[in-house]
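Undergrad: Test case, fold it:
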Amino acid sequence: MTSAKPIVRIIATGGSIAGIGPNRMDYILYPELGKHLTIQESLDRIPEVAEIATVRSEDLISVGSTAIGAPEWLNLTERINQTFTQETDVTGVAITHGTATLEETAYFLHLTVKSDKPVVVTGAMRPPTSFGTDADANLIDAVRIASCPEAGGKGVLTVLNNEIQCARDVTKANTLRVETFRPNELGFLGYADSDGQVVFYRAPLRRHTTNTPFDVASRTSLPRVDVVYAYAGADGLLVDAVRNNRSDGLILAGFGAGTFPPAMTRAAEEAVKEGIPVVLASRATAGRVVITPQKDQQGFIVSDNLLPQKARILLMLGLTLTQDRAQLQNMFYEF
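TA: Residues are numbered from 1 along each chain as shown. Here you go, the predicted structure:
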């Protein structure tokens with residue numbers, strides 16, 4: 001007797017994976033047109049998906065991911081958690097998303113989804129209307145992984161180019177190439193290849209999903225956290241702008257292991273004195289920012305190895321629970 005196929009809920013948000021370009025040669029101009037396929041139209045391109053799972057699909061929104069931020073994250077988290085609560089037969093959830101902010105959405109979900117079932121975020125670097133599109137293969141891979149029990153308990157995953165990545169570590173590393181998403185220097189988790197297998201070689205160790213204290217179910221907004229980028233000769237102008245705006249927190253993307261121009265550091269110290277948490281991150285693409293006696297005395301928090309855009313998300317969520325510096329610092333070591 002043949003066992004029932006897994007059930008996967010696909011939640012579409014738009015992005016390149018659904019983009020409509022002006023012609024088959026284009027994979028650059030299509031975002032400016034702002035046109036997208038519906039998720040059903042995307043699925044109609046890949047009838048093979050029915051061999052993998054029973055799919056339930058919906059278009060939650062249909063935008064380029066440059067238009068996605070905290071309100072959309074809260075809405076998406078609510079919809080995913082609602083799915084697992086109300087549709088208990090669902091094996092996993094797949095999210096289609098633009099690649100511009102895919103890594104940020106994935107990490108937010110990694111910290112706020114309250115289920116151990118698979119949640120997989122995918123996108124595409126070339127729209128379905130383009131020669132060499134990766135949209136179809138990435139969508140099939142996402143359904144395959146969301147159908148896979150072994151993908152559960154690993155937090156939110158991403159898949160593009162057949163590579164399964166941890167939402168915490170993945171980042172977009174190239175503007176146009178299909179192999180753009182890279183896992184910092186720590187390595188991706190596994191493969192989803194055309195033999196139909198989903199293979200894992202490692203798993204995330206930092207706390208995620210059901211093992212985090214972040215409950216955003218009743219929230220309609222999140223604390224404002226801004227990012228300021230260090231560069232040679234930078235002064236305190238942008239840090240002062242954030243401070244004068246009374247932002248709730250600040251991420252500084254510094255040189256190397258978290259160093260900054262003197263004037264920028266002085267401005268950041270003033271922000272700390274006024275009660276604004278300041279997290280030191282690095283504009284380098286890999287490695288840790290480590291606390292030192294001087295940084296500790298100055299009242300700074302360090303991001304460990306989180307990239308600035310990911311550190312921002314963790315601080316936003318951390319500030320929903322506490323403003324205590326020690327507790328916030330500990331979050332960067334745990335999540």
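Undergrad: Give me the contact list for stretch 248-262.
TA: 223-230, 232-235, 239, 242-243, 264, 268, 271, 276-284, 287-290, 295, 302-303, 308, 311-312, 315-316, 319 (C-beta atoms under 8 Å, 6 or more residues apart in numbering). For every residue, glycine as well, the C-beta is placed using N, CA and C.
Undergrad: Selection in ChimeraX covering whichever of these are buried, please.
TA: Only the buried entries of the contacts of stretch 248-262 go into this ChimeraX selection, using 16 or more other C-beta atoms under 10 Å:
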select :223,225,226,227,228,230,234,239,242,243,264,268,271,276,277,278,279,280,281,282,289,295,302,303,308,311,312,315,316,319
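Undergrad: So which of the contacts of stretch 248-262 are in strands?
TA: Restricting the contacts of stretch 248-262 to those inside strands, with DSSP state E as the criterion, leaves V225, D226, V227, V228, Y229, V278, V279, L280, A281, S282, V302.
Undergrad: which parts of stretch 118-126 are buried?
TA: Within stretch 118-126, the residues that count as buried by 16+ other C-beta under 10 Å are P118, V119, V120, V121, T122, G123, A124, M125, R126.
Undergrad: nearest to I140, of the residues you listed?
TA: Set against I140, the nearest of the buried residues of stretch 118-126 by C-beta to C-beta is T122 (9.4 Å).
Undergrad: quick one: contacts for the closest one?
TA: Residues near T122 by C-beta under 8 Å, 6+ apart: I17, A94, I95, T96, H97, N138, L139, D141, A142, T158, V159, L160.
Undergrad: Let's see that with 7 Å instead.
TA: With C-beta atoms under 7 Å, 6 or more residues apart in numbering as the criterion, the residues that contact T122 are I17, A94, T96, N138, L139, D141, A142, T158, V159, L160.
Undergrad: Reformat those into TSV and put distance to V55 next to each item.
TA: TSV is the format used below for these (distance: C-beta to C-beta, whole Å):
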residue	distance to V55
I17	15
A94	9
T96	12
N138	15
L139	10
D141	14
A142	11
T158	19
V159	16
L160	19
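Undergrad: Just to check, D116 is in contact with T210?
TA: Yes - with contacts defined as C-beta atoms under 7 Å, D116 counts as touching T210 at a distance of 5.7 Å.
Undergrad: More neighbours: the two, which one.
TA: A direct count of neighbours by other C-beta atoms under 10 Å for D116 and T210 places D116 higher, at 15 against 12.
Undergrad: Look up the closest residue to the more buried one, ignoring the ones flanking it.
TA: In space, and not counting its chain neighbours, D116 is closest to G153: 4.8 Å by C-beta to C-beta, 6 or more residues apart in numbering.
Undergrad: do the same with F84
TA: For F84, the nearest residue in space outside its immediate sequence neighbours is S115; the separation is 4.2 Å by C-beta to C-beta, 6+ apart.
Undergrad: cool, T38 as well?
TA: D59 (5.6 Å).
Undergrad: what about that neighbour, how many neighbours?
TA: The burial count for D59: 19, using other C-beta under 10 Å.
Undergrad: Also I61?
TA: 15.
Undergrad: Return the set of buried residues in the helix or strand harbouring it.
TA: Remark: I61 resides in strand 54-63, with elements defined by DSSP states H and E. For strand 54-63, burial by neighbour count (16+ other C-beta under 10 Å) applies to V55, S57, D59, L60, S62, V63.
Undergrad: Can you name the element that comes right after that strand?
TA: On the C-terminal side of strand 54-63, the closest following helix or strand by DSSP H and E is helix 70-86.
Undergrad: Which strands or helices does the next helix-or-strand element following that following helix pack on?
TA: The helix or strand immediately downstream of helix 70-86 is strand 92-96, counting by DSSP H and E. When contacts are defined as 3 or more C-beta pairs under 7 Å, 6 or more residues apart in numbering; DSSP states H and E, strand 92-96 packs onto strand 7-14, strand 119-122, helix 135-146.
Undergrad: Can you give the strand pairings for strand 92-96, parallel or anti for each?
TA: When pairing is defined by DSSP bridges, strand 92-96 lines up against strand 7-14 (parallel), strand 119-122 (parallel).
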